[in-house]
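*Asks:* Quick one, structure for this:
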Amino acid sequence: MTIELSVLAWGCILGILHIFIAVRFKTRQYGTTWDVGARDEDLPAPSPIVGRLARAQANFFETFPIIAAAILIVTAADLEDQLTALGALLWLGARALYLPIYAAGVPVVRTIVFMISVVGIALVLRPALVASLG
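*Replies:* Here you go, the predicted structure:
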């Protein structure tokens, strides 16, 4: 299996972690009755950590389909190289760091880490975009 596809598999695990961590903190705030219930009731505003984890989760799931498509494109077209592998690893590493940094409320570093993940996506997409230009 290529490094890029391995990163995609680990990205799926990271997505599951985002879900479980966010729900764990939300359950801590709203209780297990909310957690196992229909969740129809209006809830009070989330605590700062619950809000940050929900936003981190939403941000992850905004970028995950893009990296997944990029990896699948370069894999299907057999365009993997050292830079696509580096890009995939950059994306995964940055996304793994993003969750605790955002949860801790670290402002500027969070944005820098996000931008590193975007650079990773660009590195993965690079050969496909070059090939599409002919």
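
*Asks:* Let me see the ranges of the helices in this protein.
*Replies:* For the chain, helices defined by DSSP state H occupy the ranges 3-30, 32-36, 48-76, 82-103, 107-132.

*Asks:* residue nearest the centroid of this structure?
*Replies:* Central residue of the chain (Cα atoms, centre = their mean): F60, 3.1 Å from the mean position.

*Asks:* Return the distance of the least confident helix or strand in the chain by mean pLDDT from the chain's centre.
*Replies:* Least confident helix or strand of the chain, by mean pLDDT, DSSP states H and E, is helix 32-36 with a mean of 85. Chain-centre distance of helix 32-36: 26 Å, with Cα atoms, centre = their mean, to the nearest Å.

*Asks:* And stretch 4-15, by the same measure?
*Replies:* How far stretch 4-15 lies from its chain's middle: 10 Å, per Cα atoms, centre = their mean.

*Asks:* Stretch 52-72 now?
*Replies:* 4 Å.

*Asks:* can you check stretch 113-132 too?
*Replies:* Relative to the chain's own centre, stretch 113-132 is displaced by 15 Å; criterion: Cα atoms, centre = their mean.

*Asks:* Could you list the buried residues of it?
*Replies:* For stretch 113-132, a neighbour-count test (16 or more other Cβ atoms under 10 Å) marks 113-114, 116-117, 120-121, 123-128 as buried. Where C-beta positions appear, they are placed from N, C-alpha and C, glycine not excepted.

*Asks:* Can you name every helix or strand that the least confident helix or strand of the chain contacts?
*Replies:* helix 3-30 (3 or more Cβ pairs under 8 Å, 6 or more residues apart in numbering; DSSP states H and E).

*Asks:* Tell me the spacing between the residue nearest to F60 when sequence neighbours are not counted and L99.
*Replies:* Nearest residue to F60 in three dimensions, chain neighbours excluded: H18, at 5.0 Å (Cβ to Cβ, 6 or more residues apart in numbering). Distance, H18 to L99, by Cβ to Cβ, to the nearest Å: 6 Å.

*Asks:* what do these two both touch?
*Replies:* 53, 56, 60 (Cβ atoms under 8 Å, 6 or more residues apart in numbering).
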